[in-house]
Structure formats: structure tokens, C-alpha cells
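Colleague: curious how this folds, go ahead:
(5 chains)
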Amino acid sequence: MSTELLKAIADSNQWWAIGPEMILACAALGLLVLEIILPKDQHRFIPIVAVLALVAVLVGVIMNFDAIRGGEELFGGLIRLSAAGQIARVFFLFASLLVLFLASVCLPRTRMPRVEFSHIVLVVTAALMLLTQSNHFVMFFVALETVTIGFYILVSYFRDSALSLEAGLKYLVLGALSSAILLFGIVLIYGAVGRVVVDGVVHTGFEYGTVATFLQQHPDNFLAIAGALLVIGGVAFKIGAFPFQIWIPDVYQGAPTPVTAFLAVSSKAAGFAVLLVLVDQVFAPLSAILRPVLSIMAAATILFGNLSALTQRNDKRLMGLSGISHAGYLLLGVVASLTIPMATGAVWFYLFTYMLASMAAFGVMAYLGVTEDAGQEIDTYNRLAKDHPFLGAILAVAVGSLAGIPPLAGFMGKLLIFVAAFKAHLYGLLAVAIIGVVISIYYYFGWIKAAYFESPVVGEEGQPARPVTTISLIGATTLTVLALATVLLGFYQQPLTGWLLK
Amino acid sequence: MLPVNTAILTLLIPLASATLIALFLRKHGALASWISTIAAGVIAVFSLQLLFGGARNFPASWEWIRFGDFAISLGVKFDDLAALMLLIVGVVGLCVHVFSLGYMHDDGARARFFGGLSLFMFSMIGIVLADNLFMIFIFWELVGVSSYVLINHYCEKQSASDAAKKAFIVNRVGDFGFLLGIIMCYWLNHTVNLSELAEHHVFSTAIPLLLFCGALGKSAQMPLQVWLPDAMEGPTPVSALIHAATMVAAGIYMLCRIEPLMVPQALNVIMWIGTITALYAALCAIVQSDIKKVLAYSTLSQLGYMVAAFGLGALEMKIYPLGLPRVGHPEDIAALETVGRGFLAAGVGAAMFHLTTHAFFKGLLFLGSGSVIHGCHHEQDIFKMGGLKGKMPITFVTFTIGVLAIIGMPGLAGFFSKDAILYLALEKNAAVFAILVFTAVLTAFYMIRMWKITFFGSARSENASHAHESGLSMTLPLLLLAALSVAGGYSGVFGKLAGSVALLVPEPEGAKHMTMLLTSLAILIVGVGSAWFFYPAASTDALEEKSPGLFGVLEWLKESFDRLYNYYVAKIQQRFAMLLNFLDQIFLAGLIIRGFAGLVGLVGYGARALYTGSLHVYVYWFLLGAVVLWAFAAGVF
Amino acid sequence: MSPFGLNAYILISALLFAIGFFGVLLRKNTLVIYMCLELMLIASTLGLVAFSRFNHTLDGSVFVFFILTIAAAEVAVGLAIIVALFRKRHTIAVEELNSLKN
Amino acid sequence: MNSCNPQLLQLAIATPLVAALIIALGLPKRFSVKLAAMAFIIPALIALWLWWQFPAEGGGQYQYLSSIDTGLGSFGINLKLGLNGIALPMFLLAAIVGLAAGLYALRSGAERLKLYLMLLLVMHGGLLGVFSSVDVFFFYFFHELALIPTFIMVGIWGGRDRNYAAMKMTIYLTIGAMLSLIGLIALYTRSGANSFDLIELKHAIAVQGIHGVAQNNIFALLMFGFGILVSLWPFHTWAPLGYGAAPSSAAMLHAGVLKKFGLYGLIQIALPLLPDGAAHWAWKLALLAGIGNILVIGFVTIAQRDLKQMLGYSSVMHMGYCFLGIATLSTAGSGGVVMLMLAHGLSVALLFLLATSIHHRTHTFDLTEMGGLVQKTPVLAAFFVAATMASIGLPGFANFWGEFTVFVALWKLSPVMTAVAVAGVIISAVYGLRAAARVFFGQPSEQLQRVLAKHPALDLDWWERLPALILLATLLFFGFYPRALSLPVNQALTESVSATDATLSFHR
Amino acid sequence: MPNLLFYLFTFLAVGGALLVVVNRNAVNAAMFLLLSLVGVAGLFVLLDAALMAFVLLLVYAGAVVALFLFIIMLLDTTPGAQKPFKKATIAASTLGGALLILGVISLTKRGMLPSTEAAGSVPTLKNYAEQLFTTYLLPVQIVGFMLLIAMLGVIVLSKRFAVTDKAS
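Modeller: Residues are numbered from 1 along each chain as shown, chains lettered A, B, ... in the order given. Modelled structure (predicted):
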């Protein structure tokens, strides 16, 4: 091998730039090593290593947050560093930490191995982070499939539960289908763009920049447009946008609670991160087509999500269906971002508040859940506030924030999106969003109502059906921090806005 | 002390008294009653001082509230009219207070009673002193509420509670027009200050008629007269003060205040309403057996006289050569002002004259009846009384003076004032004159009936046989009022009290004088004679026995209004309310709102049902998505 | 040495994709559905190779490597899930996999 | 001393919120009650002080201004606090009603008292914030902050139908709030000020104005949004139901203070900023309010048998006067509405308080099952009659000035509508006095006699008397000395009217 | 000759695919999938991508289809158990198929590219290697990790955990 080649490898592959991802990958490998070398009775400490790795990376990313100026293309254009990428990193690291926390609550009940779980979570996290920073369709697809395959496993992780496996299978088939659609889209784009030579350097339709330039020059190329829309469709599967939202309730319900949270938060956020990049950069010249497509999608998603959640009684399905409506609001932000750049920040703000609230809600669900946690009805929350004031309060804050009730962070998220939408003159969509919010009040309220207003669940022998849940100090702290952050961000947004809306 | 300060103090002293009693003296009835009575005494002294001090029309005005151009001010207009009215309120008020010391001595809620009296004095003086219509309205409402509180004194009695409510609501109905009139007046004239209005105002028929609605309620004229007889549920001193002497007269006073705004058409209406009320009430009074009810209907009747007197002032229009003022011709209006006013004021004079004398003798009669009731251990049915003449001599004598005064015995106050009214009627309108004369006959008839049955014969019940003369605190006011009932009609006295108002009282001249005297005597003889001989001092009503048909007609007349109103309230208003309630709760809240919510819920169920759990169906969704996206790319949409 | 133009290959690719999709729609056997999904992926690879050849950029063909690897991994995981599910339910028929629904 | 008045204003809002937080973090019950008492008293004292300190000629401008960037500065959202002539009395109202409701709650003996007090404190903090926010966004934000506890309180401590009531209230009020929020955002984007600061909005709109159609649409959003919150007919059905179910302190604060948010918003924001829109909608608003709120609801109120339900309906009816006042588009009308807001807030809070006290003694709200209570509880009866008199607009109480001024101003819009409004006064006298008579006068009903035999009724104790007295005294104070309110309000209104004129003249 | 080959491979690919879809037996389906794969591999060869054809056959025929067959045998689903299609299913799949055909037709109508000649040299194994180890090194690494988690996943899903099974 020639030295030039090695030099080229060294030049184009600036590994330092993906340090966080690499550390996570190494830590993931380390977990497996530890599993081999440590005696069995100490395996329960191994996930702590994963947590430590996540925390370390998180601290590192936050400390070096501004070190990355953005716009740098690395790995021969595979990766593009950006401020949004940094935000996404922080987001995914945070979310994964919380997922591991939830896993520490749920997994011991089923006695499924936690090391493998942590490993997969770490790898998926790294892949998520790369996914949002990718600048190349090959990179994009590979990272996406890594994430997806990780999720196939995670969703069916409780293999003793037929529901978990069924959810896994449904996710698998539909995920593969959507991947196929997305891949076909990539192929079409690749084919349409063909071979582009700029300054003697050959570019292909895999590169984001090239695609954007091509679309600029050929805004009515059918193959490219079809490809772009198919790619959007594939991403729509991730974010659960109409009509690709159909898998969500089943899979959310069947998946183990931590995985549901992971899907609901990280997978959805990754979808939006990618969508923002695609819509605002790669397919930006197609905005004339994208605007109606995304608008219809957003409206349908909001309405469909809220309406179908209206009568839902299963807590995880409810989270899923309401999550669809949240995707709708976020799509509204994405549509707005076509004209109002600040909408991007609003979308990220919304995602953060959504993460805080969802994770808190899933935390409560995790504590209340039993081994077979797919059948949890809203009724089981009856009188929670009385039996367990702490969990009741957390639930109230979380659900309140999801509903967008004002002093809480969720409201601020919605507000920013609405302001952006208003500035973008999306009045029709706003009206739909308002209707959606009003409908959502009903079912979220029903949840809080169960926890606070209803009489207690009485088992067959007249005993309270709720098992006595003990909450560890860490668990209590985590949930408190989530709830407090949700409240605090409602009042004082500086920590987040100073960062997202620069 | 400057007159203006005295005036303000007169207004504020009763307020202070009421506040003090409400806050601290709730359980100290004796102290409360003395404080209230002393306050009344001070008011009486001040009112005399103001009356005879001679200071008039001193400027006094403070802004109370202002939004933009709209402002309400608190001001005093103190002219002869106000001075006279203030005196009446002060003197009768003091009498009633003193009387109440004895009458209410054993009442458990004495403090509330005297607090209410003080509140009433405050409100009434407010009306008297007010220099603008807004302010009149404010105190107008306040007398209403003090009347409510006092009628409701025996609030454990359902009838008292109902009567109080009725009085308040009926007054509100009157105030509906009053308030609209004031507002209209404000926007048309851009002021509601009485002095400014007198100087310059736009002529309009609607304004005086709307304003008259207020008097309709407060002075209990047809068709809003229904509350006054019921108001007799209150303690008797209250009936004397509020429902005979002062508050019900406030309507007349108010009319006199706004007299410059009057136009002939409005006066005509006012006159007829007063006349009809006078007749109607007199007819009703004949069949009453409750001593206070008789007096109440008599009050109504007398108020009708006053209103009629006020209204009569307009009939001189026929001497006005240019006819009615035409729209858009200011010179017509100017002419009307210069020519018509002197004649109009005759009504004011007669009305105020009768108001004054009526306040004295009707106050006397009510207090007398209070003394009787007190003496008979709260027996109010005249047919269960009898023979009180000997047992309650002072009461009997003073009551007799009152009766004689009201039926117009020459030489007593009522004779002069009634004469003035009848003369005015004779001059202006023969029909009214005839009706009023007939009413006067009826007045004599029913008063003598009551008087005879109450005081003569023998005791017809346990309570009456144990009757006793009342104490000094009750007889003293009787004596004072009796003296005023005798003297109040003489121009020497009334002229002193009323000042320039007295000059407006019409006096028959020459032959007319004789006519009037003869008419009065005829009235007296017919009325007194027929009653005296018709009614024995027995325990049953002679009319009911001898002519049940006539009696029944009169009874029906009395009750028809109540029946009508009750029918309206129970069958129309309540049913309408129930209907609207049904529409609101069942139709709007239930059918529309819940129905809509249910519809959304159904759609929700539908949307939820799409998640069938079947993988194949889900794949079709994906196909749909892909096809739609493809179609978008192909430009189908 | 390609006698037919790019369009022919694209057509075949699209046809294969459509057939695969149709199979996913139609079939009830989970395993066969899975095969059809693989068919769709292969359809894409055919397109990639064709474009790569006619556009003369190697990247498309290189992508095929990744796709094949991913497909293999997917198959492994998918079959593991199917097997595990069969152990629980003793069926792999799609219409019987509907415990998760409203 | 004056220099720290802005900080005092902040303190007044922060005190209840911080106290709520401390209680939430697990303060023992004993201390919680004391802390809550402090947190109710301190804002009231501050409000009185600020009122005392308010410059005599300063009603036109905002006083005690302070601004904090909470992180949305780039959106033009800052926590900007201050009081002008209109806000001042409303702030005072919030502080006083809050104090009364708080004191009443302290001894209410509610189950889960800590949570109850906590929610009440949050509500109180929100209310104080609503009326002291210069920033339109925070104006809305604080409203919601106060609104949410209401729902929870209705849901947990509510009476009959509490679940349905809480749900219905939540959905209705959310719709209203969302509409008004959209309206406010529209105002923000259309003004070109890129700021939610009311002062800057006014400046920006005075400079560039808003197009007529846009004005109409934005005003419609605000009118219906705020209208739902204020129970404009036919969007009122939540109110009687909600108030019928709400626990007393929540009903006091909501009906008394929070409901005034919408009216306040219309007067402070919509009228001066959207004069053309207001003119376009005035007649429609007047029709809805006059026919719907006053006549229809007036009669519906007459038909009520349940005391609290009746109070709820009467509150809906009285809002009709407020809307009519706003529809006059005049200084006098708006001034009357401000007066009426203050007065109605005080009187309706007092009525709800007394209704609960009555319930403690009769164990029912059904008017047909009461009677003769005055013999056992004369003080309660006196308070109730006084409050009823206040609410039916008797002079001497602040309500009178409000209604009266509105009537006078209304004549300009339409004499017929004035007649309708004045007829409402009769209607309210009918149901008000009927209720008072049914509860207190006459003889006790058989049911009541049975109840009284079991639970002998005592007169109001001092813990009930004190809040009632505070409310009644304030009512009487403003009843006798309305100038205390009309002076600053008038200054503020003439200020905004002149701003309106400037805008109008720009358009022409 | 190439023409003939093209038709043959196309026939194999498309026909195989169709048979995968329409026949009722899972084992047959797997075999037809293999057939289709061979066709596609042949087309790869015609596109001068012999290496790709080789890899395709290696991975799919060697691993994937074998795995499918193995699993089919393992699960031993009786082919006759399949119920006949319902009318609604037939209608829906007909519609779905029609839509798909429509899509393909629209692609031929709208998406046809200008007929260009295959240009440039035939890529060699070295070219591929160079690409994979320079430009696409990062994806290769990622794919490695992906295979690792896939493997772990399969283990977790399939392995008998002593403790776990006791629990179930």
C-alpha cells in the first residue's frame, strides 16, 4: 500500500472528531470484555460502566461544545460537523442515560441480561449520533440500519413475553419495509444525479451537497423528486408521521418500557434531526413540493394522533399515540423551518422538553409496571397520588408538560413552534394544531384524573391492587431532576435557549 | 358652623350612627336605640337650623367618580323645597325614633331596627339634598334597601320576607324607567345637575315620563302600587316613617325637583295616573279589616292626590296661544318656558302642601295605630278591637285629630291642602275634579269606619279588653304630630316652613272660595255620616253582610293586581325561566356540547379502530404512504 | 458489454421492488414476507449496480456491499425473532399475530 | 424606599410561588399552614403599599417597571413587570381576594390540606402575575399558571359532578386560552415590534398600524378566546357547572379574579391596539352579551334551585355587563368595566365564601331545603344579604358604580341595549333576593330542621368572618370612595384612548 | 448472445420473484428466491460487476436462503394450513398490485434517463478495496459494530438462560 494512500486515509479520516462515538463504541466492547472476565455475581455492576461512559462522554461533549464551529466536512464528506450535531449528541447521550436508568428499574424484574442491553444501547447511541451528523447517504443508511437493527433486538428483548416478540416482529417487518423504501429512494437519487465532476473531483448522488446542487439545477427531475420523497417517507417511519405512524402503538405497547422510551425519544428525535438536515439543506430546492407534502403530513399526523389517542386506555399505547401528535407539532416546526430558520431551534427545544417529560412519564410507568408491562391500563393509575404522592407528582408534571400546560416546559416548546409557524404564515396548520391541543387535553387530563381524582383500585380481596413500589435514591433523584427541569424550563428557559437559539 | 357643613353633617350623622350600630352594637339594643334616636334628634335640630337659618343655594359639589367626560359628583342643592322636605324628614323622623323607643322596647333585634332607621334617615336626607339626578338615584336605591331591611324586620315570618322582597323588586321595576330616564337626560342635556337643567334643557316627552317611572315605584302609583299594602308587615313605626310620611313622598319630591323638565303630554299622563290611584286605593280601603292596611290604602290614595296635583299643573296649556311647541322651533320652547311655568308650579305647590300635611297627619295616624296595636298586644284586626276610646285616651284623641285632618275637617291641616288640590282640579279638569271629590267622600267614609270600629263599642277580643295606654315615649310623638296636624295647614305656619314653595299653593278666590268650602263640607257630611250610620262597632263587616256583592267586587278589585302579578311571576316568568334553563342545560350544554364531544369521541374510536393489530393492514398503510408520496412526485396533486 | 440501456435495468429493478412489495402485501407466512423484503433490498442493489455502471461511479457498487451485509444481519435478527415467537405462539402466520391491538 | 418598589412587586408574585414550592418539598403540615398564611398576607400588604405609593398623576404610565430575561429574549419575551392605572386595581383585587380565599382555606379543614394550600398559593402567585405583567406573553403565562390549579382543585375537592365539571372546564378554558394565545401571537407577529412587551407593541402599532382585516381577525380571536374564558354566551356552560363543583377558595379566586383576565386583556390590550377590529365587532359582542348573558342567563338564573349553581349563573350574567361596557368602546365604558371587575370580583368571592359557610350549616345547596337560617346565624345572614345587595348593584357597594357607568356609556351605543341591560338589574334583584329569602328568612324547611337537629348551626366564627369582612370592607370602601379607583383608571384609559386616536388618525 | 443472456436473467429474476410471491409453499418460495437471486447475479455480471454477483450469491444463496430453509424446516409449518384468501384480501391486494404496477409504469413514462453507454473501465477488486478502506472506512467500522449487536441480539433472543427460563 502506498504511503500516499495512507496519508490520504489519515487526512480524510479525522477520527478525533468522532471521539464521543468512538468512546461509546469502545465502552460497549469493554462491557463484553468485563462480562467475560468478571465473575457472574458481579455482572450487575457492569451496566454502571456504561452509565459512567455515557456521563463521561456527555461531560466531554458539553465542555467542548463550542469547539466545533460547524460546517466542517470530515471523512471525505461522510460526516459534517455542525452545531445541530452537537446538540443532537447531547440529546442522545442524555436520553440514553435515562434509558439505562429505566432499564435498571425494569430489567431486574425479568432477569434478562443487562450487559447486552447496555451494550446495544451504547452502540445504538453512537450510531444515532453519527446518523445526525452524516453528510452522505451511504453513511446515513449504514448508521440508520445499525440503529434499526439495534431496535429490532431491543424491542423484542423480553423474549419471554409473546407481546414483546410480536412487537419485535411487527417492528422488524415494517422497519425493513420502510428501509427498503428509503433505500430505493436513495438509489433513485443516486441514479438521477449521476456523475458530477467539479474541479476534477468526482462527486456522486450520495453526497448531500451534490444532491442539493443538482436539485438546484434540475428542480423538476422526476427520479430525484421521487427519490427524495421516498427518503422522506422512510424518515417519516422513524418519526411516526402519518401514514407511517401505524406501527407505533403496537410496538410501543409490546416493547419493554425502557425501549419504548428509547424509541419514543431518541428514535423520533433522530428522525427529526435527519429530517431537518434533509429538508433544510439537501432537498431545500424542492421546498415547493415538500411544503404541501409535509404540511398535509403534519396536519394528518396531529389530527390522527390526537383523535386515536382520545379513547385510548393503555398507558404505553397512549404514549405512542400522543407521541404521534407530538411528531405532528414537530413537523409543523419543520414546515416552518422551510421559511423561518429559527424554527429549527424551536424544534430542538421542543424535543428536549419532550424528552424530559416523556422520560419522567416512562419512569413512573417503569416503577408501576409489572413483569408483563404491556397491559397497563390507565385505570391502574387510579388514586396514585394518594398511594404514592411522589410518583403522582412526577406523573402530573410529566403529563402536564406533554399536554403543553403553561408553567411547564412543554408549553414553551409548543409556544416556540407556534410562534415560528405564525411567522411562516401557516395559519391553517396552526388551527389544526390548536384543535389537536384541545383534544389532547382530554386524554392527558384523563390520565391525571385517574391518578388524582378517582377512587383507588381494589383487588379481588379488597386489597389495593398496586404493589408497593420502593424507589431507590437514584431513581427518586433522577425523576425529581426531570420534573424539576420540566418546571424550571417553564419559567426560565435561558439554559436551553441560550444554546439552541443562538 | 357654615350651612354647607351643617348640611353635610346632617347627611353623615345618620350614616355614622348606622355604621356604629352595624359594627359594634349588634347585641346592645338599648345603646343602639339611643344612639340612633340622638342622631335623629340632631338631624331635627339641624334641619330646623337650616330652615330658619335662611341660607339657600350655597355651592357644594365634589367629584365622586370620573371616566373621561363622564363624571358623577356629590353635591347639595339646598333651596326652599329641600329645606321643607328636610324638615319633614327630620321632625317625623325624630317622632318615629322616640316612638320606637317605646314600641320596640322588647324586640330582640332592636339594634338592627334602629340601625335600619338610621340608614334610612341617611338615604332619605341624601335624596333631599341631592343636586343632581345621579345622586338622587343613588340615594333612591338606598332608601329602597333600608325599606327592605325594615319591612323584613320580622324576617322569620314568611309574609314579612315576601313583602320586603316584593317591595324591593317592584321598586326596581320603577327604577328601570327612572334610570333610563336619567341616562337619556344625561345624553340629551349633557348634564344631570338640577340647577343646570332648570336653566337649560332639551324638551322631550320621554325623559319626564321615564323619570316618572321612578316615582311610580317609590310613591306606589298604579300599576306599581302593589307593594305598599304588603309593606305593612314591617313594624308600625317604619310604616309611619317610611311608608307614609317620607319615603313614599320622595316620588312626589323628585317630581317637584324635575318640574322644569315637564311637558304637557307627560303631565297629562301623570295626572291621570294619580287620579286613578287615588280612587282605586280609596275603594280598596273600604274593605280592609287590618288597621294598618286601611291606613296603607289611604296613603296610596293620598299619594294619588299629590301626583294628580302635580300633574294638574299642565292643563293651563289651553291658554297658551301658540299651541304645543313644535319641533325645531326654539322660540316656541322659549315661549312655553315663560308662559307655562307659573301655572305648572301650582301643581308643585299643591302637591308639596299636601305632602307636608299628609306627612304630619299620616305619621300621626300610623303612630296612633302603632300605639293601638301595642296596647292591644299586637292585634291588628279592627274587628277584634273596640272600646279603646276609654282605655287609651291620649291615643284616641290624637288619632281622632289625625282622622279629622285626613278627611278634611275645616280648620285642620288636611282641609287646606286637600282644598288646594281640589281647587286646582276644578280649575283645570272637571273629570279629575269629580273623581277626586268622590275619592274624598270615600276617604271620609273608610276613615270613619275604621275609627268607629276601633275605638267605639266594647272590646271584642281578649287582647282588646286588656288594652292599656302606651308610655310617654309613644304618646309624646303623638302629641307633637297632632299639634302639627292641626297647625300645619295654616299659611302662617306652612308659609314659614315652605318659604317660596308656599307661594305656589293655589288658593281659591272669590266665588270659587265659597264653592270649595261647600264642596268640602258636603264631602265631609256625606262621607262621615254614611260611615257612622252604616257601620256598627261590631265584630263583623256591615258591608260584607248587607251587600256581599259590592264587598266582593271591592275585594276583587283589591286583589286583581296581586293576582295578575302572581300569575305573571308563577306562570309566565317562572315558566319562561324554566324553559330557558332547559334550553341552556339540556339543549346547549347537553345536546350541542356533549353531542359534539360525543361526535369527536366517535371519530376517536374510529381512528383508534384503524390500529387493527394486523400486520397486513399496516403494510397497506405503508403502501398508501408510498403511493401518495410517489403521486406527489409525479405531480398528480 | 451491456446490450441494453440503463432504463431496462431500472425497469427490472423497479419491477422486482414492486413484486417484493406485493409479496409483503399478499403473503401470510412471516418467513415468506421476510423473503419478499429481501427481494426488495435486492431490487435496490440491482438499481445501484446499474447506475454505478452507467454513471461510472464506483460508490454505488460499494454501497451494495453494505446493503448485503445489513441484509444478512437483518435476516439473522429477524429469523431469531421469528423462531423465538414460534416457540411462544407455535405459529408464524401473520393473522394470528394480533395480540397487540386495540 | 421607593426605589425598591419594583422589587416589592416581584416579591409579591414570588412569595406565594416560593411558599408553594417549599410546601411541595415536604414542609410539615404545621409549618405549612403558617407559611401559607404568611404567603397570603405578604402580597396583600405589598399591594396596599404599592397602591399607597402609586403616584397621583401616574396612572397613564407603567410604574414599578422591572424586566428579567428568562431566556426567550430573542423572541421578544421578557418577564417585564409593572402596574399602570388599570392594572393597579386589578392587582389589588387579586391580592385581597387571594388573602380572603387563603384565610378561608387555612381553616377549611380540607382533606389533604397541604396540597390544597399549595395549589391555592400557585394560583395566587399566578393571579398576581397576570395583572402585573407588562409582557403580553407572561400575562397569558401567569393566567395559565393560575388556571391549572383550578382544574385540579375542582377535580379533587369538588362537589357534585366534579369529574365532569373539571373535565369540561379544562377543555373549555383550554380552547379559550389557545384562541387568545394565537391572537396574542398574531398581534406580536403583525405589529412588527418583534416583542411581546405591551409598551413596545403600542409604540410599534402606533407607528405602522395593523391592516383592517387583520385587525378584525385578531380581535375576533381575542374576543372569542377571552370571551370563552369570561363565559361569553353561548360559551358559558362550563361556568355554572364548574363553580357549582369547585371548592370554595378555588371558586373565589377563579370567579373573583382569574375570570377577569379576559376582560382585562380586552381592555388593556385589545381595545387600544385594535381599535378598528373592536369597532367592527362591538355590535356583535354587545348582542351576544346583552341578549345572551344578560337576558337569557338572567332568566336561567331565576330557574336555579342550587345555590352555588345560581351563583355561577349570576356570575355569567354579570359578565354580560362587562362585555357591554367593552362594546361601548368608550373611556366611560371601559372604566365602568374596570370598576365592575373589581367589584364583581370582591362580591362574587364573598358570595362563594358565604355559600360554603351556609353549606357547612345546612349540608345542602338546595334552596328549597333551607329557610329561616337567620335565627341561628344572624351575622351570616347579614353578610349574605349585603353581598347579594352588592351583586345586584346597590349604591354604596362598588358594583353600583361599575354597572351604572356601563349603563350610561351604553346609551351611546344603543338605547335599546341599555334598556336590556337595565332590565337585567331587575332580574338580578329577583333571583338575588329570592335566594336570600329562601336561605335565611321564613321558617326552616323540614329537611333543614332535621339537619339542624343533628348539627346545631353556629354563627360565623372569626375565621369565616375575617375574610368576609375584608371583602365586604373593600367593597364598601370603593362603594363610598370610587374616586380612589377612577382616578388612576381614568388616567390609563385616556392615555390608551389618545394612543388609539393616534392609530386611527394614522389610518385615515 | 448478451441479448439472450439478458432476457434469460431477467426472466429468472422476475419470474423467480413472482413465484416467490404466488406459490403457497414456504420451501418452494425459498427455492424460487434462490432462482431470482441467480437471475440478479447474472444481470450483475452483464453489468460488469462480477464481483458483486459473486458476493450476492455467496451471501444470499450461501447464507440467507440456507438459513431460511433451515428455519422453515425447524419450524415445520404445514403448507396446507394456509387458509384461502378472503374476498376483501383479494380485492385489496389487487388494488395494491395495480397501484404498484401503476408506479412502475409511471417510472417508465416519467423517469427514463437519456440512454447513455456504459462508460469507463471495469472496476477491479482493488478499486473496491481502495474505496472500502479509504472513503468508506467509517461505514465499514460501523457495519462491524452492527454485526456485533446483531450477533449479540440473536444470542439473547435464542440462548437458554438458566435463570430466565426458571422465571418463565
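Colleague: any stretches of chain A with poor pLDDT?
Modeller: Counting by pLDDT under 70, chain A has low-confidence residues at A:1-13, A:68-70, A:371-375, A:455-469, A:501-502.
Colleague: just want the most central residue of chain C.
Modeller: The centroid of chain C falls nearest to C:Glu38 when counting by C-alpha atoms, centre = their mean (2.3 Å).
Colleague: gap between the two ends of stretch A:184-202?
Modeller: Stretch A:184-202 has an end-to-end distance of 23 Å (criterion: C-alpha to C-alpha, to the nearest Å).
Colleague: so how far is that stretch off the chain centroid?
Modeller: 30 Å (C-alpha atoms, centre = their mean, to the nearest Å).
Colleague: could you see whether chain C lies near the top helix by length along chain E?
Modeller: Of all the segments of type helix in chain E, defined by DSSP state H, the longest one is helix E:87-110. Yes: against chain C, helix E:87-110 shows contacts by C-beta under 8 Å from any C-beta of the partner chain at E:92-93, E:96-97, E:100-101, E:103-104, E:107-108. No exception for glycine: its C-beta is placed from N, CA and C like everyone else's.
Colleague: so who does the residue nearest to the centre of chain C touch?
Modeller: Residues counted as contacts of C:Glu38 (C-beta atoms under 8 Å, 6 or more residues apart in numbering or on different chains) are C:20, C:71, C:75, E:33, E:60, E:64.
Colleague: residues near D:Pro55, how many?
Modeller: 11 (other C-beta atoms under 10 Å in any protein chain shown).
Colleague: any idea how far it is from chain A?
Modeller: 31 Å (C-beta to the nearest C-beta, to the nearest Å).
Colleague: before we move on, what SS does that residue have?
Modeller: Following DSSP: H, G, I helix; E, B strand; the rest coil, we place D:Pro55 in the coil state.
Colleague: can you pull the contacts of it?
Modeller: Going by C-beta under 8 Å, 6+ apart, D:Pro55 touches D:Gln63.
Colleague: equivalent analysis for D:Leu263, please.
Modeller: For D:Leu263, the contact set (C-beta under 8 Å, 6+ apart) comprises D:226, D:230, D:319, D:322-323, D:326, D:337, D:341.
Colleague: can you list the residues you listed in JSON lines and add pLDDT and distance to B:Trp532?
Modeller: Formatted as JSON lines, the contacts of D:Leu263 follow (pLDDT from 0 to 100; distance: C-beta to C-beta, whole Å):
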{"residue": "D:Phe226", "pLDDT": "90", "distance to B:Trp532": "73"}
{"residue": "D:Val230", "pLDDT": "89", "distance to B:Trp532": "68"}
{"residue": "D:Met319", "pLDDT": "90", "distance to B:Trp532": "63"}
{"residue": "D:Cys322", "pLDDT": "90", "distance to B:Trp532": "63"}
{"residue": "D:Phe323", "pLDDT": "90", "distance to B:Trp532": "64"}
{"residue": "D:Ile326", "pLDDT": "89", "distance to B:Trp532": "67"}
{"residue": "D:Val337", "pLDDT": "91", "distance to B:Trp532": "64"}
{"residue": "D:Met341", "pLDDT": "90", "distance to B:Trp532": "65"}
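Colleague: so of those residues, which ones are in helices?
Modeller: Among the contacts of D:Leu263, DSSP H puts D:226, D:319, D:322-323, D:326, D:337, D:341 in helices.
Colleague: tell me the one of those nearest chain E?
Modeller: D:Phe226 (49.4 Å; C-beta to the nearest C-beta).
Colleague: number of nearby residues for that closest one?
Modeller: Counted with other C-beta under 10 Å, residues neighbouring D:Phe226 total 25.
Colleague: state the distance from it to D:Phe139.
Modeller: According to C-beta to C-beta, to the nearest Å, D:Phe226 stands 11 Å off from D:Phe139.
Colleague: quick check: neighbours shared by the two?
Modeller: The overlap between the contact sets of D:Phe226 and D:Phe139 (C-beta under 8 Å, 6+ apart) consists of D:Gly265.
Colleague: number of residues surrounding residue 139?
Modeller: Reading this off chain A. A:Met139: 26 surrounding residues under other C-beta under 10 Å.
Colleague: not what I meant, chain E
Modeller: When neighbours are counted by other C-beta under 10 Å, E:Pro139 registers 28.
Colleague: correct me if wrong: D:Gly159 contacts D:Ala245.
Modeller: Yes: judged on C-beta atoms under 8 Å, D:Gly159 makes contact with D:Ala245 at a distance of 5.0 Å.
Colleague: neighbour count for these two, which is higher?
Modeller: In this view D:Gly159 and D:Ala245 are compared by other C-beta under 10 Å, and D:Ala245 has more residues nearby, 27 against 17.
Colleague: give the contact list for that one.
Modeller: Contact analysis of D:Ala245 by C-beta under 8 Å, 6+ apart lists D:154, D:158-162, D:165-166.
Colleague: please indicate which of those residues are buried?
Modeller: D:154, D:158-159, D:162, D:165-166 (16 or more other C-beta atoms under 10 Å in any protein chain shown).
Colleague: can you give me the strands for the chain?
Modeller: In the absence of a named chain, chain A is used. A:73-74, A:79-80, A:196-198, A:201-203 (DSSP state E).
Colleague: meant chain D, my bad for not saying
Modeller: Here chain D has its strands, by DSSP E, at D:63-68, D:79-83.
Colleague: report whether the longest one contacts chain A.
Modeller: No: when contact is scored as C-beta under 8 Å from any C-beta, no part of strand D:63-68 falls within range of chain A; the minimum is 8.8 Å.
Colleague: what is that strand packed up against?
Modeller: If contacts are counted by 3 or more C-beta pairs under 8 Å, 6 or more residues apart in numbering or on different chains; DSSP states H and E, strand D:63-68 sits against helix D:5-24, strand D:79-83.
Colleague: from the contact counts, what lies against the longest one?
Modeller: Under the contact definition 3+ C-beta pairs under 8 Å, 6+ apart, helix D:5-24 sits against helix D:29-53, strand D:63-68, strand D:79-83, helix D:113-132.
Colleague: in contact with the residue of the stretch 101-250 of chain D found nearest chain C, which residues?
Modeller: Relative to chain C, the nearest point of the stretch 101-250 of chain D is D:Met167 (22.2 Å; C-beta to the nearest C-beta). Listed by C-beta under 8 Å, 6+ apart, the contact partners of D:Met167 are A:442, A:445-446, A:449.
Colleague: now, which of these lie close to chain D?
Modeller: When contact is defined as C-beta under 8 Å from any C-beta, these meet chain D at A:442, A:445-446, A:449.
Colleague: dump the strands of chain A into TSV; add mean neighbour count as well.
Modeller: Shown next, in TSV, are these (neighbours: other C-beta atoms under 10 Å in any protein chain shown):
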stretch	mean neighbour count
strand A:73-74	18
strand A:79-80	24
strand A:196-198	12
strand A:201-203	14
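Colleague: nearest to B:Pro264 among the ones you listed would be which one?
Modeller: Closest to B:Pro264 of the strands of chain A, according to C-beta to C-beta: strand A:79-80, at 95.3 Å.
Colleague: right, is the closest one up against chain E?
Modeller: Yes: counting by C-beta under 8 Å from any C-beta, chain E has neighbours in strand A:79-80: A:Ile79.
Colleague: for that strand, packing partners?
Modeller: Under the contact definition 3+ C-beta pairs under 8 Å, 6+ apart, strand A:79-80 sits against strand A:73-74, helix A:114-133.
Colleague: partners of the shortest one in the sheet?
Modeller: So the one you mean is strand A:73-74. Within its sheet, and counting by DSSP bridges, strand A:73-74 is paired with strand A:79-80 (antiparallel).
Colleague: list of residues touching the partner strand?
Modeller: Here strand A:79-80 makes contact (C-beta under 8 Å, 6+ apart) with A:17-18, A:71-74, A:130, A:133-136, A:139, A:208, E:138.
Colleague: picking that back up, buried deepest among the helices and strands packed on strand D:63-68, which one?
Modeller: strand D:79-83 (a mean of 25; mean count of other C-beta atoms under 10 Å in any protein chain shown).
Colleague: quick one, that strand and helix D:113-132 angle?
Modeller: Interaxial angle, strand D:79-83 versus helix D:113-132 (axes from the mean of the first three to the mean of the last three C-alpha atoms, to 10 degrees): 80 degrees.
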